[in-house]
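> Return a 3D structure for these sequence lines:
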Amino acid sequence: MAPFAGYDMPITYPTGAIEEHLVTRRSVGLFDIDHMGQLEISGAGADAFVSRMVTAKVSDLVPPMARYSLLLDEKGGVIDDLFIYRLPQSWWIVVNASNRAKDFEWFKAHAPEDVAVVDRSDDTYMIAVQGPRAIELIDKVANMAVSSIQRFNWGNISIDGVPVLFGRTGYTGEDGGELFFPAAEAQHVWELLLAKGEALSIETRPIGLAARDSLRFEAGMPLHGHEISTEINPIEAGFKWACDFEKEFIGKEALLAIIDKGVSRKLVGIEVFGGVPREGYEVTSPDGKDIGHCVAGMFCPTVKKYAANAFVLPDYAKVGTEASVVIRGQPRKAVVVKRPLYLPAYRR
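Sure, this is the predicted structure:
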């Protein structure tokens, strides 16, 4: 256990981080992610308000659709990345734990009088069920088959009498879903999923933060404070695709100026040989020139490689470019590789 965003969170369970990672890739991983926040936005002006606040196109969303987006400041820095669910009468926005209060205040500060922004986090519990057999498991325990729900859509289901908003979304690169339900039912739903997995011979294990990080890293998904932050803009981080420049949103003008000028650095993946890369480690060219730094790094259990995400000078961002990562004072051979290292199952 360790402190994380104001919570005591499991880094690993007795299974161990590598095995937890591999269980999620081959069967079902269960993630207690109630540290995530949930905001509900409603009112006569909610549609236009949400569209202006986030980077993604949302005007085409109708229930039961959901979409990934970014929340930017006026300089184009990433306040947070979000998942947006279009509900029948409101918008359900999932935010990162460490940014919950900041995001809530940002939305509140910009909301017009005809828009209500409510923090539902304390009353809502959130569990992710991820892996190639995750949908099979939920099909068996829910009152309806969630396999009929398409990726990036949601449905209202019930698990042993507990009402659940099921989103076919996730943060691991595997299929599965995220469950939102009354917080009072948390232990009941958690233990039921583990017990049903065992009873059905569907290997189901609890997964801690360490494996959650390696799973998202392999699948090329960002972690706020690492690949994205208020000091990092979506263009240099490779998230231009999450921005709809056909509409207005906070930070748009700043991004257009960055595009016009060109970025001074780019996010790349780097395979490293002879050591474990970590956040903050220097990246150099073969002749020793400082060209950037790592923002995340680890051993990747699925692909069996040591790798890092790093911001480097644009001239060194091409796949195949040779480089070094300085580990404990020693330059270790590295090469820029294509991201993601692991192609998410739903994209194959």
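> okay, which residue is most central for the chain?
Tyr171 (4.8 Å; C-alpha atoms, centre = their mean).
> I'd assumed that residue was in a strand, is it?
No: if the criterion is DSSP: H, G, I helix; E, B strand; the rest coil, then Tyr171 is coil and not within a strand.
> I figured it hits Ser214, correct?
No: taking contacts as C-beta atoms under 8 Å, Tyr171 lies outside contact range of Ser214: 11.7 Å. Quick note: C-beta positions are derived from backbone N, CA and C, even for glycine.
> how does this structure divide up, domain by domain?
Domain assignment for the chain by automatic domain parsing gives 2-215, 264-348.
> Looking at those domains, spot the one closest to Glu236.
Distance to Glu236, taken as C-beta to C-beta, is lowest for domain 264-348 among the domains of the chain, at 5.5 Å.
> Show me how far the closest one is from its chain's centre.
From the chain centre to the centre of domain 264-348 is a distance of 20 Å (C-alpha atoms, centre = their mean, to the nearest Å).
> how far does it stretch from start to finish?
Across domain 264-348, the terminal residues are separated by 33 Å (C-alpha to C-alpha, to the nearest Å).
> same question, stretch 165-182
Span of stretch 165-182 from end to end, C-alpha to C-alpha: 10 Å.
> go on, stretch 26-37?
End to end - C-alpha to C-alpha - stretch 26-37 spans 28 Å.
> quick one: average pLDDT of it?
The average pLDDT within stretch 26-37 is 97.
> Now for the residue lying closest to Asp244 once chain neighbours are set aside: which residues touch it?
Spatial nearest neighbour of Asp244, chain neighbours left out: Lys57 (3.9 Å); criterion: C-beta to C-beta, 6 or more residues apart in numbering. Contacts of Lys57 were listed using C-beta atoms under 8 Å, 6 or more residues apart in numbering, and they are Ser51, Arg67, Asp244, Glu246, Lys247.
> Filter the residues you listed down to the ones in helices?
In this view, the contacts of Lys57 that belong to helices under DSSP state H are Ser51.
> Which two of the contacts of Lys57 have the greatest separation?
Arg67 and Glu246, at 15.0 Å, using C-beta to C-beta across these.
> Mind checking which of the two has more residues around it?
With neighbours defined as other C-beta atoms under 10 Å, Arg67 and Glu246 compare such that Arg67 has more, 18 against 7.
> what pairs with that one across the strands?
Going by DSSP bridges, Arg67 is paired in beta bridges with Ile84.
> My guess is it contacts Asp81. True?
No: counting by C-beta under 8 Å, Arg67 does not reach Asp81; the two are 11.5 Å apart.
> sec struct for Val58, please.
Of the three states, Val58 takes coil according to three-state DSSP.
> what's the answer for the one 5 residues further on, then?
Using three-state DSSP, the three-state assignment for Pro63 comes out as coil.
> contacting residues for Gly29?
Each residue near Gly29 by C-beta under 8 Å, 6+ apart is listed here: 20, 23, 128-131, 134, 172, 174, 204-207, 211, 215.
> mind running it again at 10 Å?
Going by C-beta atoms under 10 Å, 6 or more residues apart in numbering, Gly29 touches 15, 20-23, 128-131, 134, 170, 172, 174, 176, 203-208, 211-212, 215.
> Make sure Gln89 is indeed in a helix.
No: using three-state DSSP, the assignment for Gln89 is coil, not a helix.
> Give the closest residue to it in space, chain neighbours not counted.
Leaving aside its sequence neighbours, Gln89 sits nearest to Ser42 (C-beta to C-beta, 6+ apart; 6.2 Å).
> Next one: that neighbour, what pLDDT does it get?
For Ser42, the pLDDT comes out at 98.
> What of Val319?
pLDDT, Val319: 98.
> and if you look at Ala186?
Confidence at Ala186, expressed as pLDDT, is 98.
> Could you pull up phi and psi at it?
Backbone dihedrals for Ala186, given as degrees, to the nearest 10, come out at phi -60, psi -50.
> neighbours of it, just the number please.
Number of residues near Ala186 (other C-beta under 10 Å) recorded here: 17.
> Tell me how far it lies from Ile235.
Distance of Ala186 to Ile235, given as C-beta to C-beta, to the nearest Å: 39 Å.
> Quick check on the contacts of Gly29: which are buried?
Buried by 16 or more other C-beta atoms under 10 Å: 15, 20-23, 128-131, 134, 170, 172, 174, 176, 204-208, 211-212, 215, out of these.
> Among those residues, which ones are in strands?
If you go by DSSP state E, those have Ala128, Val129, Gln130, Gly176, Thr204, Arg205, Pro206 in strands.
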